[in-house]
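Q: this is a predicted model, with the sequence first.
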Amino acid sequence: MILTEQKPLPEIVEKLKNEKKIFILSCEGCPEGADTGGAAAVNNIKSELEKEGKIITGVMPIDFLCQKSLIKSRVRVKLNDIKSSDAVLVVACGLGVQASTEALGKICYPALNTKTFGGVTGMWQGTERCDACGDCVLEYTGGICPYTACPKKLLNGACAGQSNGKCETDPERDCGWELIYKRLEKLGQLDRLYKFIEPRNYKKMLPSPEIRKTNLWALDEEVV
Amino acid sequence: MTSEILNKKNEKAAKLESSLKDVLEKGKFAVTCEIGPPKGAEDEEIIATAKILKGIVDGVNVTDLQSSVMRLGSLATCHILKDMGIDPIFQVTCRDRNRLALQSDLLSAYVLGIRNILALTGDYPTTGDHPGAEPVFDLDSVQLLWAIKRLEEGYDMAGKELSKKPSFFKGAVVNPGSDTEAAFGLQLIKMQKKIDQGAQFFQTQAVFDAESFERFMDRISKMNIRVPIIVGVILLKSERMANYMNKFVPGVCVPESVIKKMEQTEDKASMCIEIATELINKVKPMCAGVHIQALGWERHVPTILKNLDLL
């Protein structure tokens, strides 16, 4: 079970301030189990966004958003709605946001912060990596995580150590920031990179006492 | 307070200001050099190199555990230079210190009279002699500049007020010779972000090719970037060194033509001086200054500066 927390609603609204038409993709896997996704949570986010004047072009729950093939086959019926939207809000862990961005070719905003993997990784089998940092910024980097794609975890762009697109730490490893640059270039969203990102808040990485008290955190200690 | 004491205080304050800043503001061509502290608890080598550079350069960078190799610290070395009457440029990387230690070292630098900061990301630890060390990178170089700006405004990163504000002349680094279009685009965006967060001058990664440097200067002039650019020049000691750097030093690329020149001569020192003089002469009209990385060949710096009419 991957444990997530919903981003505060004002933060979601702030992130989406330049977007009008929004499609919501939600994961029915771990977030539903953790009560951060599922119908009730998604409806709550939806009505809050509508109050802010956003147009919700559709809501689609998918079993496991960490599965790109599943996303691609399920969204087919809603493809026009997604294409006509300004952005997609993804109610899933970091892996789900990364997989959705790659599968849809559209900027996906995270609605949740991923706190811990609790030892397992959902149905994830792809190249995506999530650090469970608790402060997801995947909309800014086009769905490629700067914490896991860059060994230096740089938030404001590449260092000067890359050589022919490869990382200074390993000549066979792609420079994560070049991947981010190319993805955003493809999406026509390079301007996003000019935004200054403040230092990461490591405190958010710590699971809250509430999470630690649940049986999801310590399955072997508390069996319901 | 008598006027005599007041004068003395003013004199002391004037000495504390950055002479590098003064030179760049007056539009004079600036010359900086650098010192890499030794691996050991001694200062003889630093003092010997500093004596060569004193009076002939406008500032001396002190590297911060360059290439992730454990050495004597940049802050202590800057302090030694300051005491000798040299304007030090304190290189600060994000590799080894979290935000508490970085901010604290910046305050320490200020009270020691150090006024120039060069904010860098830092090489990854695996490139150095302690490859198993924890890579810190709590901040990146843009966030470090942002943190310095906040200290100058009188607050730390947590928003707590400082009893006295420091003030620095803040520099950053840019690589003008990126090898892919994406890497180049990323460098330019990051350069703009560094300026937005307070970078007042740039020193570039080592340049070996005047034409590619010119392309870089054209691009940034189109972006309306007007901060002083100090071009980085490494003194090449041999073809072996060039090949080594191409293979192992991140972000450095020595062209084949330069390597050939070195191969074909017995007198490496004269060729080194010739290559550097020719290169600096070509790039001089395009930028605000030159940063000579002599890497132990500081004794040749006076000859190069004389060749360039800078001495």
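A: Thanks, I have the structure now. Everything numeric in this text was worked out from a predicted model, so none of it was measured.

Q: show me what the one helix or strand A:I45 maps to is packed against.
A: Taking DSSP states H and E as the criterion, A:I45 maps to helix A:38-51. Contact analysis of helix A:38-51 by 3 or more C-beta pairs under 8 Å, 6 or more residues apart in numbering or on different chains; DSSP states H and E lists helix A:9-15, strand A:21-27, helix A:30-33, strand A:55-62, strand A:87-91 as its packing neighbours. Yep, even glycine has a C-beta here, placed from its N, CA and C like the rest.

Q: give the next helix or strand downstream of the fourth one.
A: Next along the chain after strand A:55-62, taking DSSP H and E as the criterion, comes helix A:68-75.

Q: buried ones in that following helix?
A: Neighbour counts over helix A:68-75 (16 or more other C-beta atoms under 10 Å in any protein chain shown) mark A:K68, A:L70, A:I71, A:R74, A:V75 as buried.

Q: need the contact list for the spatially most central residue of chain A.
A: Among the residues of chain A, the one closest to the centroid is A:V97, at 3.2 Å (C-alpha atoms, centre = their mean). Residues counted as contacts of A:V97 (C-beta atoms under 8 Å, 6 or more residues apart in numbering or on different chains) are A:L65, A:V90, A:C108, A:Y109, A:P110, A:C136, A:L138, A:G143.

Q: SS state for it?
A: helix (DSSP: H, G, I helix; E, B strand; the rest coil).

Q: surely B:K170 forms part of a helix?
A: No: counting by three-state DSSP, B:K170 is located in no helix; its state is strand.

Q: from what I can see it touches B:I117, true?
A: Yes: with contact defined as C-beta atoms under 8 Å, B:K170 counts as touching B:I117 (5.3 Å).

Q: what about these two, which has more around it?
A: Using other C-beta atoms under 10 Å in any protein chain shown as the criterion, B:K170 and B:I117 rank with B:I117 on top: 27 against 22.

Q: got phi/psi on the residue nearest to A:P151 when sequence neighbours are not counted?
A: Nearest residue to A:P151, sequence neighbours excluded (C-beta to C-beta, 6 or more residues apart in numbering or on different chains): A:T169, at 4.9 Å. In terms of degrees, to the nearest 10, the main-chain angles of A:T169 are phi -80, psi -20.

Q: give the contact list for A:T169.
A: Contacts of A:T169 (C-beta under 8 Å, 6+ apart): A:P151, B:Y124, B:T126, B:T127.

Q: tell me the SS of the most centrally placed residue in chain B?
A: Taking C-alpha atoms, centre = their mean, the centroid of chain B lies closest to B:N61, which sits 4.9 Å from it. Following three-state DSSP, the label given to B:N61 is strand.

Q: re earlier: quick one: pLDDT of the residue nearest to the centre of chain A?
A: Predicted confidence (pLDDT) for A:V97: 96.

Q: okay if I get the contacts of A:V97 as CSV plus pLDDT and secondary structure?
A: As requested, the contacts of A:V97 are exported to CSV (pLDDT from 0 to 100; DSSP: H, G, I helix; E, B strand; the rest coil):
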residue, pLDDT, secondary structure
A:L65, 91, coil
A:V90, 97, strand
A:C108, 97, strand
A:Y109, 97, strand
A:P110, 97, strand
A:C136, 94, coil
A:L138, 96, coil
A:G143, 96, coil
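
Q: in ChimeraX, select just the buried ones from the residues you listed.
A: Under the burial definition 16+ other C-beta under 10 Å, those of the contacts of A:V97 that qualify are selected in ChimeraX by:
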select /A:65,90,108,109,110,136,138,143
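
Q: the contacts of A:V97 into a markdown table, with extra columns for distance to chain B?
A: Formatted as a markdown table, the contacts of A:V97 follow (distance: C-beta to the nearest C-beta, whole Å):
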| residue | distance to chain B |
| --- | --- |
| A:L65 | 28 |
| A:V90 | 25 |
| A:C108 | 21 |
| A:Y109 | 21 |
| A:P110 | 21 |
| A:C136 | 18 |
| A:L138 | 17 |
| A:G143 | 17 |
